Every structure is written in structure tokens, then in C-alpha cells.
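*Asks:* Quick one, structure for this:
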Amino acid sequence: VLLGDPFVIQLSIFYVGTTALITGLPGFTFGEQVQLLRDQALAMAFSGGCLTATLGASHLIADDINNMIPLIMTRPVSSSALVFGKWTGITGVLAVITGIATVSCLWGTRIIYFQDFIEMLGIVAYFLTIIACLLFMALRHYLFRGAFVWQTNIAILISLSLFFTLINFWGYNGKIPSDYGYLVKWNTVYAYLFLFFALMIFSAIICFFSFFCGPSSLMAIAMIVFLIGLFARYFITKIPIQDIQRIFYVFIPDWQNYWIADILNRELEISSQMILYSFINSFVQSVIFLIAGVWVFRKRELSGKF
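*Replies:* Presented below is the predicted three-dimensional model:
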């Protein structure tokens with residue numbers, strides 16, 4: 001349902017177009033053009049993901065709390081299945097749009113491999129891919145009807161990934177490559193993976209609040225959660241007792257843990273242990289807020305406030 005929302009396809013096209021715009025902007029980067037692109041594209045992806053999670057929770061939970069959800073609960077559906085199912089759906093949409101943002105940024109790192117030049121083959125293939133995808137899906141919808149928005153979102157991700165994989169068999173402007181994909185900063189994938197972990201936590205927190213907050217107040221709460229995560233580390237580190245610091249880190253999100261662009265810019269490697277630890281941390285923190293959401297939902301259901 002959320003993947004079929006027009007906002008999601010608008011955001012997907014916005015990611016693709018804005019990444020190309022950032023890639024093509026002239027500037028004095030002093031050889032750090034990839035760093036500039038990556039930082040701006042990651043910030044855009046995280047902000048867009050948080051907005052998507054907020055609108056998704058508002059649409060799927062806050063709006064339905066007095067409409068579809070009471071009807072669903074007349075069936076043999078457990079509260080935990082509903083809460084975790086809603087979160088899983090929102091997280092799935094975040095995975096799709098984060099994947100689109102990832103491939104777009106990877107393509108951008110190829111296009112600006114050289115500081116003073118833009119690779120024409122890469123930029124032409126990039127725009128032709130997205131235009132061909134949209135035209136094909138529009139023609140398909142015109143001929144066969146059916147769903148358009150959610151299928152187009154999936155098609156954008158698949159087409160960008162497929163043609164990006166193919167174009168890396170060629171080097172700069174179609175030359176024979178010395179190595180597959182040598183123009184691409186492949187470690188950018190790690191940055192978006194960690195960003196997705198942060199979005200998992202954010203969506204779980206927003207799902208928790210959406211069970212007792214209306215759609216109008218949910219956006220304000222989302223902004224507060226976003227800002228708390230940005231400055232959490234600064235304030236928690238001011239606490240003199242480390243054990244208390246650890247307790248705060250369990251319940252308070254810290255987006256700095258998942259921003260690894262600076263690590264990549266220093267050309268440091270990301271270990272599998274670091275990825276596993278970050279995933280476990282984000283998953284456990286998400287589950288904590290979702291369990292709290294189940295408790296709130298059951299309490300509201302028993303009190304008859306649907």
C-alpha cells in the first residue's frame with residue numbers, strides 16, 4: 001500500500017534527478033568531488049527516508065487506528081503481528097528507496113571519477129535508463145492497466161541496477177576497462193547500508209508514537225526524534241558515569257553511529273564485525289520500541305478506544 005503511494009515514486013525520481021544535479025554541479029573540489037557527492041546524497045537519502053517513514057506511519061497506522069485497524073482486529077490477528085507487520089511494510093519501502101538512492105550515488109561516483117571532467121557515456125546512459133523505464137511502465141499501464149506506482153518504483157530500482165551493472169563492463173567513455181567497475185567507489189554501499197539501519201530505528205520509533213498520536217502531531221514528533229538523534233551523542237557523553245551512558249544509548253537513537261561517510265572519506269575499511277554489530281544494535285533497538293508499541297496498542301484495544 002505504501003509503495004503505491006504517489007509520494008514514494010516522486011521521492012524516487014527526486015533521488016535520481018537530484019543526484020545527477022549534484023554530480024554535474026561545477027565547483028572547486030580539489031579532488032574531493034566524490035566526498036562532496038556522497039555527503040550530500042547521503043544527507044538527502046536520510047532526510048527523505050525519515051519523511052517517508054513518518055508519512056507511512058501516519059497513513060498506515062494513525063489514519064487507520066479508527067478505520068481499518070478495528071476491522072482487522074475482528075479477525076484472529078494478534079496485536080504483535082499487526083504492529084510488526086506495519087513496521088515491516090514501512091521498512092520494506094525504505095529498503096526500495098534506499099536502494100534507488102544507493103545505485104544513483106554509485107553511478108554518480110563513476111561519472112565524476114575525474115575531477116575536471118564528466119563521463120558522457122555514464123551521464124547519457126543514466127538519463128536514458130530512467131527515461132526508458134518510465135516510458136515503458138507508462139506504456140505498459142496504458143495497454144494492460146493494473147497498478148502503476150508501486151510497480152514503477154520496483155522497475156526504477158531494477159533498471160538502474162541492471163544497466164549500472166552492464167555499463168561497468170566498459171571503462172571511461174566506453175574504453176576497454178583494466179578492471180571491472182574501477183571507476184566506481186564501491187564502498188559507498190556501506191554508507192547506505194548503515195543509513196538503512198538508522199532508518200529501521202527511526203521507523204520503529206515513529207510507529208510507536210503513531211498508535212496514540214494523530215497524523216497532525218506525528219510530523220512534529222518525527223522532527224523532534226530526528227533532532228534528538230543528531231545531538232544525542234553530544235549530550236550523553238557529558239554524563240560522567242559510563243553505565244548510565246550505556247542505558248541511554250539503548251533507548252535514545254544516535255544517528256552518528258550510522259554515519260560512516262567520514263570513515264569512507266579517510267579510505268578506512270569497514271569490517272564485517274562492525275556491520276554485524278550495527279545491524280544487531282539497530283534491530284534490537286527497533287524491537288524495543290515495537291514491543292512498547294504492542295503494549296500501547298493492546299491497552300488501547302482493551303479500553304475500547306478504537
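
*Asks:* can you map out the strands along the stretch 1-150 of the chain?
*Replies:* Here the stretch 1-150 of the chain has no strands by DSSP state E, counting those that start in this stretch.

*Asks:* can you map out the helices along it?
*Replies:* With DSSP state H, counting those that start in this stretch as the criterion, the stretch 1-150 of the chain has helices at 6-24, 33-57, 68-72, 79-111, 120-144, 149-167.

*Asks:* Which of the ones you listed sits closest to Ile288?
*Replies:* helix 79-111 (12.3 Å; CB to CB). All C-beta atoms are positioned from the backbone trio N, CA, C, and that covers glycine.

*Asks:* what packs against the closest one?
*Replies:* Contact here means 3 or more CB pairs under 8 Å, 6 or more residues apart in numbering; DSSP states H and E; on that basis helix 79-111 packs against helix 6-24, helix 33-57, helix 120-144, helix 149-167, helix 188-210, helix 272-302.

*Asks:* Measure how far the last one is from the centre of its chain, please.
*Replies:* Between the mean C-alpha point of helix 272-302 and the mean C-alpha point of its chain there is a distance of 18 Å (CA atoms, centre = their mean, to the nearest Å).

*Asks:* and what of the second one?
*Replies:* In terms of CA atoms, centre = their mean, the gap separating the centre of helix 33-57 from the centre of its chain is 7 Å.

*Asks:* Show me what it is packed against.
*Replies:* Checking 3+ CB pairs under 8 Å, 6+ apart, helix 33-57 ends up next to helix 6-24, helix 79-111, helix 188-210, helix 215-236, helix 261-265.

*Asks:* what comes up buried for it?
*Replies:* 33-42, 44-46, 48-50, 52-57 (16 or more other CB atoms under 10 Å).

*Asks:* same thing with the last one?
*Replies:* For helix 272-302, the neighbour count (16+ other CB under 10 Å) marks 278, 281-282, 285-286, 288-290, 292-294, 296-297, 300 as buried.

*Asks:* Dump the helices and strands packed on helix 33-57 to TSV, plus mean neighbour count and distance to Ile131.
*Replies:* What follows is those, written out as TSV (neighbours: other CB atoms under 10 Å; distance: least, CB to CB, whole Å):
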stretch	mean neighbour count	distance to Ile131
helix 6-24	18	10
helix 79-111	22	14
helix 188-210	24	24
helix 215-236	15	33
helix 261-265	16	30
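
*Asks:* Which one, of these, ends up nearest to Gly171?
*Replies:* Per CB to CB, nearest to Gly171 of the helices and strands packed on helix 33-57: helix 79-111, 9.9 Å.

*Asks:* Check the average confidence over the closest one, would you?
*Replies:* For helix 79-111, mean pLDDT is 94.

*Asks:* for stretch 230-244, same thing?
*Replies:* 87.

*Asks:* got the contact list for it?
*Replies:* Stretch 230-244 is contacted by residues Gln245, Phe248, Tyr249, Ile252, Pro253, Asp254, Trp255, Gln256, Asn257 when judged by CB atoms under 8 Å, 6 or more residues apart in numbering.

*Asks:* which pair in those residues spans the largest distance?
*Replies:* Maximum distance among these (CB to CB): 16.7 Å, for Gln245 and Trp255.
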